[in-house]
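Undergrad: Only the shape, not the letters, is given here:
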């Protein structure tokens with residue numbers, strides 16, 4: 001295993017950078033980019049815990065771009081954001097604390113379960129959206145339960161701070177159940193909450209010794225490039241097929257990690 005303080009070679013940096021390009025594009029198109037970057041980080045020698053923490057820090061810039069792209073849909077939601085942002089920050093910090101106190105050996109043991117959970121969340125994305133669209137058509141009979149939003153967001157944020165793959169699906173489902181808002185506005189809220197969860201966890205991780213800064217820099221640059229590529233490919237790629245490809249990849253990786 002590579003110590004986070006050790007230097008990766010040029011080929012390893014290229015590998016993690018290319019994985020981040022692919023992850024940035026996948027996140028822009030279908031979600032699940034962590035399922036590509038995490039195994040590459042472990043393949044080049046990072047311990048599982050350091051790989052997960054490095055991944056969280058490196059992919060933060062991609063969340064900023066996605067949030068800015070949906071900023072118009074956040075207008076008029078200041079009261080909701082005032083409740084959800086603190087809940088996301090607190091949950092992200094709790095998840096980060098839990099992760100650092102898990103320990104390398106225990107985290108390696110739970111990685112297959114986390115990968116399976118991420119795959120299951122991606123697989124459920126279409127059903128979640130269908131449920132929310134149906135609920136939106138019945139919106140006149142529902143007033144929502146916004147007072148529950150900080151609780152459900154804070155709970156989801158704990159998972160996001162701990163591992164994070166599939167967090168967007170969890171947030172869309174949770175917010176869709178408790179809020180009486182159209183789906184585009186829920187998506188925008190989801191993106192803002194995912195940003196603050198990841199930033200809160202990443203800032204907390206800055207004070208740990210588990211970040212491989214060489215890999216993080218290569219991945220941050222790659223994720224920005226990949227996000228731009230994904231944005232341009234949005235009308236030419238079958239997002240559903242891509243999402244199910246990521247589901248299969250996640251399931252296969254879970255089996256591989258379980259065997260090893």
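TA: Structure received. This one's a predicted model, so the numbers in the text were calculated from it and none came from an experiment.

Undergrad: What separation is there between the closest residue in space to residue 216 that isn't next to it in sequence and residue 224?
TA: Excluding its sequence neighbours, the residue lying closest to residue 216 (Cβ to Cβ, 6 or more residues apart in numbering) is residue 58, at 4.2 Å. (C-beta placed from N, C-alpha, C; glycine too.) The spacing between residue 58 and residue 224, counted by Cβ to Cβ, to the nearest Å, is 10 Å.

Undergrad: Ok, residue 37 next?
TA: Here residue 37 is placed at a distance of 14 Å from residue 224 (Cβ to Cβ).

Undergrad: between the two, which one's more packed in?
TA: Set residue 37 next to residue 224 and count neighbours by other Cβ atoms under 10 Å: residue 37 wins out with 30 against 18.

Undergrad: My guess is the more buried one contacts residue 219. True?
TA: Yes: counting by Cβ atoms under 8 Å, residue 37 touches residue 219, with 6.4 Å between them.

Undergrad: Common neighbours of those two, please.
TA: 16, 19-20, 23, 55, 58-59 (Cβ atoms under 8 Å, 6 or more residues apart in numbering).

Undergrad: need the contact list for residue 18.
TA: Each residue near residue 18 by Cβ under 8 Å, 6+ apart is listed here: residue 222.

Undergrad: Following element in sequence after the helix or strand where it lies, please.
TA: Element membership of residue 18, judged by DSSP states H and E, is helix 10-29. Next helix or strand after helix 10-29 toward the C-terminus (DSSP H and E): helix 34-43.

Undergrad: by contact count, what packs against that following helix?
TA: helix 10-29, helix 48-58, helix 104-123, helix 239-259 (3 or more Cβ pairs under 8 Å, 6 or more residues apart in numbering; DSSP states H and E).

Undergrad: go with 7 Å
TA: helix 10-29, helix 48-58, helix 239-259 (3 or more Cβ pairs under 7 Å, 6 or more residues apart in numbering; DSSP states H and E).

Undergrad: in the last one, what counts as buried?
TA: Taking 16 or more other Cβ atoms under 10 Å as the neighbour-count basis, helix 239-259 is seen to contain the buried residues 239, 242-247, 249-251, 253-254, 257.

Undergrad: got the angle between it and helix 10-29?
TA: On the basis of axes from the mean of the first three to the mean of the last three Cα atoms, to 10 degrees, helix 239-259 is oriented at 130 degrees to helix 10-29.

Undergrad: mean confidence score for helix 239-259?
TA: Mean per-residue pLDDT for helix 239-259: 84.

Undergrad: cool, stretch 133-140 as well?
TA: The average pLDDT within stretch 133-140 is 69.

Undergrad: Run a quick neighbour tally on the closest residue to residue 172 other than its chain neighbours.
TA: Closest residue to residue 172 apart from its sequence neighbours, by Cβ to Cβ, 6+ apart: residue 190 at 5.0 Å. When neighbours are counted by other Cβ under 10 Å, residue 190 registers 27.

Undergrad: Pull the contacting residues for residue 190.
TA: 168, 171-172, 175 (Cβ atoms under 7 Å, 6 or more residues apart in numbering).

Undergrad: Next: residue 12.
TA: Residue 12 sits in contact with residue 44, where contact means Cβ under 7 Å, 6+ apart.

Undergrad: Starting from residue 22, give me the distance back to the closest residue to residue 255 other than its chain neighbours.
TA: Distances taken as Cβ to Cβ, 6+ apart place residue 112 nearest to residue 255, at 7.4 Å, with adjacent residues excluded. Going from residue 112 to residue 22 by Cβ to Cβ gives 22 Å.

Undergrad: Then residue 61?
TA: Residue 61 sits 16 Å away from residue 22, going by Cβ to Cβ.

Undergrad: Nothing else from me, thank you.
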